[in-house]
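**Q** Need coordinates for the following:
(5 chains)
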Amino acid sequence: MSQNVDLVNRDANGLNDHVKVAFDDVIAEPDGAHSLPCVWAGAWLIFTCTKGCCYNVMSIICGFPLALLWGCQFAYITFYHVWCIGPCMRSFMIDCGCYRKYFFTCVQCCLGPICETFGLCFSNIVVRNV
Amino acid sequence: MSQNVDLVNRDANGLNDHVKVAFDDVIAEPDGAHSLPCVWAGAWLIFTCTKGCCYNVMSIICGFPLALLWGCQFAYITFYHVWCIGPCMRSFMIDCGCYRKYFFTCVQCCLGPICETFGLCFSNIVVRNV
Amino acid sequence: MSQNVDLVNRDANGLNDHVKVAFDDVIAEPDGAHSLPCVWAGAWLIFTCTKGCCYNVMSIICGFPLALLWGCQFAYITFYHVWCIGPCMRSFMIDCGCYRKYFFTCVQCCLGPICETFGLCFSNIVVRNV
Amino acid sequence: MSQNVDLVNRDANGLNDHVKVAFDDVIAEPDGAHSLPCVWAGAWLIFTCTKGCCYNVMSIICGFPLALLWGCQFAYITFYHVWCIGPCMRSFMIDCGCYRKYFFTCVQCCLGPICETFGLCFSNIVVRNV
Amino acid sequence: MSQNVDLVNRDANGLNDHVKVAFDDVIAEPDGAHSLPCVWAGAWLIFTCTKGCCYNVMSIICGFPLALLWGCQFAYITFYHVWCIGPCMRSFMIDCGCYRKYFFTCVQCCLGPICETFGLCFSNIVVRNV
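**A** Just a heads-up that it's a prediction; the model follows:
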């Protein structure tokens, strides 16, 4: 857990790298079709400001409650995995390890000889390189 | 996010590279069929001007409202992905990681011995190079 | 068994490595959509505190009884595996080892000659490198 | 058979290696979700003591009778395998070895020529390295 | 046959290697679950003594008659294989060897050309080492 909030690089683990919403990720004029510079600059301004404002408004309104909600949610998830599912899983793995040993003995006993015998087919390969 | 608008290279990420609409991308005379030079030059002029004018008019009229619209739209998309889908996805990934461990134990337990036993088929390969 | 409790590294064996619940594992803003620093810092604070508090409350309330429960449970599992299943398994493995030897003799006797004869198919491979 | 009891390493042959029941094999807190040190230490203490006590009580009560029971059981198994099954198995293996020789001669006689002839399919492999 | 009885190594040919009945082959306490030393030592003593005593009693009572029985049995088996089955087998193998040579000529004659022709399938293998 990072001890402090990082205000600059806000996606250190690359979770939302696929969310590309800058102006030049969305709108692009190829060579051979350029609009007037003022139109292009104006559209850039409008797009960037609108997006910034809307996003800020939404994050101000909904950011804190959602942070609260997800905090509770993930506290519960962590607790459940650490104190309940973890030990259950371990107990299940011990039983499985035991059953695996038992099952391995059976299969070795029944199929082992047949497989080893079929392996005799390959016990006599002679390759001559001329 | 680029901090300023780039008036020269308007497709830095190559989004619309496939949109080729210059005259020589559209109309071309092969060797053996050349029209009169004045006809060819005139057609070039008419095509280029018409395209430039029409595109400019349309971009002036519709560019600003569309920039506004897409600004709102992408603000909403970003917000939704950052604050809702991201945490949901993480919570889902935690559950999946747990289920993966469980499923791995089961499969190891059931198929492991059989696979290991079938491997005995190849335990007796003797290759003689004469 | 580690003789003392390790208060720093609490997942030495990587049991719950898939449980990633730090703020930057859950919520991330990609480039091109940054909310106000105060909103981001506030959301970080709320998320981290809420999660810490909830988890602490739950672990204080349920941690001790669950530790007691799992202690009894695993004492029973250990006892059962060491003193009952272990010797049973050994006795079963002795019988299986014996039966395997018997079955191997039979299969060698019946299928062995056929497999070895089919192996003659590969006894005359000539490879010419041109 | 080891001549003396080994009080330190009690699983020299790794029979119960899958039975992992130490505290850090069962309960683990990932980074980003640490409970209070006193809670964690308390849970460790409760788990370890409970498991130790329960296991000790059970092993004191049931250990001796079970050791007696398994002693008789394995004495019988050993006797039976050494004095009865062993000689029977040897007698059976002698008969099988004889029958195998007879059957091998038959199969070699009937299928051998066919297989060897099919092996001609691989007698003309030309590999060109380009 | 060893000329003298070997009182130390009593399973020189590994006939009953799968019969593992020492205490540490049967009962094992994994790390993290050790009972009291006196309990463990006591269980070891009870198991080892009980097994030793029971096995000795059984071998004293049944060892001599069984040795007598198996002596007769294997004398008969040896006699039968040496003086009856051996010569029969040799006579049968001589006949089979002759028939095999005859049959091989026939099959070579009928299937040989077909197989050799099918072998042309592999006469054009091109291996490109990039």
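
**Q** Please name the residues that touch the residue in chain A positioned nearest to chain B.
**A** Per C-beta to the nearest C-beta, A:T50 is where chain A lies closest to chain B, at 2.8 Å. Bear in mind the C-beta positions are built from the backbone N, C-alpha and C, glycine included. For A:T50, the contact set (C-beta atoms under 8 Å, 6 or more residues apart in numbering or on different chains) comprises B:A67, B:L68, B:G71, B:C72, B:A75.

**Q** which one is the most centrally placed residue in chain A nearest to, not counting chain neighbours?
**A** In chain A, the residue lying closest to the centroid (C-alpha atoms, centre = their mean) is A:L15, at 7.9 Å. Excluding the flanking residues, the one nearest A:L15 by C-beta to C-beta, 6 or more residues apart in numbering or on different chains is C:A28, at 4.0 Å.

**Q** That neighbour in helix, strand or coil?
**A** coil (DSSP: H, G, I helix; E, B strand; the rest coil).

**Q** what's around it, how many residues?
**A** 22 (other C-beta atoms under 10 Å in any protein chain shown).

**Q** Kindly report the same for A:C62.
**A** 15.

**Q** pretty sure it is touching B:W83, no?
**A** Yes: the criterion here is C-beta atoms under 8 Å, and A:C62 meets it with B:W83 at 6.5 Å.

**Q** Quick check, A:R10 in contact with C:H34.
**A** Yes: counting by C-beta under 8 Å, A:R10 touches C:H34, with 6.3 Å between them.

**Q** Give me the common contacts of the two.
**A** By C-beta under 8 Å, 6+ apart, the residues touching both A:R10 and C:H34 are C:W40.

**Q** re earlier: which element is the closest residue to the residue of chain A closest to chain B other than its chain neighbours on?
**A** Closest residue to A:T50 in three dimensions, ignoring its sequence neighbours and counting by C-beta to C-beta, 6+ apart: B:G71, at 2.8 Å. Using DSSP states H and E, the element containing B:G71 is helix B:37-80.

**Q** Rounded mean pLDDT for that helix, please.
**A** Mean per-residue pLDDT for helix B:37-80: 89.

**Q** just the angle between it and helix A:37-80, please?
**A** 30 degrees (axes from the mean of the first three to the mean of the last three C-alpha atoms, to 10 degrees).

**Q** ok so, going back, pull out the buried residues from the contacts of A:T50.
**A** Neighbour-count burial (16 or more other C-beta atoms under 10 Å in any protein chain shown) is assigned, among those, to B:A67, B:L68, B:G71, B:A75.

**Q** Same list, those, but as TSV with distance to D:M89 please.
**A** Compiled in TSV, the buried ones among the contacts of A:T50 are given as follows (distance: C-beta to C-beta, whole Å):
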residue	distance to D:M89
B:A67	89
B:L68	90
B:G71	85
B:A75	81
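
**Q** residues contacting A:W83?
**A** C:S59, C:C62, C:G63, C:L66, D:I27.

**Q** Between those, which sits nearest D:G97?
**A** Of all those, D:G97 sits closest to D:I27, with 57.2 Å by C-beta to C-beta.

**Q** Tell me the predicted confidence for A:V127.
**A** pLDDT, A:V127: 80.

**Q** From B:D17, how far off is the closest residue to A:C54 other than its chain neighbours?
**A** Nearest residue to A:C54 in three dimensions, chain neighbours excluded: B:A75, at 3.5 Å (C-beta to C-beta, 6+ apart). Plainly put, B:A75 is 27 Å away from B:D17 if you go by C-beta to C-beta, to the nearest Å.

**Q** So the residue in chain A that chain E sits nearest to, which state does it fall into?
**A** Chain E sits closest to A:I94 of chain A, with a gap of 9.7 Å, by C-beta to the nearest C-beta. Look at A:I94: counting by three-state DSSP, its state is helix.

**Q** Assumed the residue nearest to the centre of chain A was part of a strand.
**A** No: under three-state DSSP, A:L15 sits outside any strand and is assigned coil.

**Q** What about it? Give its phi and psi, please.
**A** Main-chain dihedrals, A:L15, degrees, to the nearest 10: phi -70, psi -40.

**Q** The residue in chain A positioned nearest to chain D: neighbour count?
**A** Nearest residue of chain A to chain D, counting by C-beta to the nearest C-beta: A:G97, 3.0 Å away. Neighbours of A:G97 under the rule other C-beta under 10 Å: 19.

**Q** Check A:I60 too.
**A** A:I60 has 14 nearby residues by other C-beta under 10 Å.

**Q** in what helix or strand does A:D11 lie?
**A** Counting by DSSP H and E, A:D11 is part of no helix or strand.

**Q** Apologies, that question was intended for A:V127.
**A** strand A:125-129.

**Q** Within its sheet, name the partner strands of that strand and how each one runs.
**A** Partner strands for strand A:125-129, per DSSP bridges, with pairing direction: strand B:127-129 (parallel), strand C:125-129 (parallel).

**Q** Quickly compare those strands and say which is most buried.
**A** Counting by mean count of other C-beta atoms under 10 Å in any protein chain shown, strand C:125-129 has the highest mean neighbour count of the strands paired with strand A:125-129, with a mean of 16.
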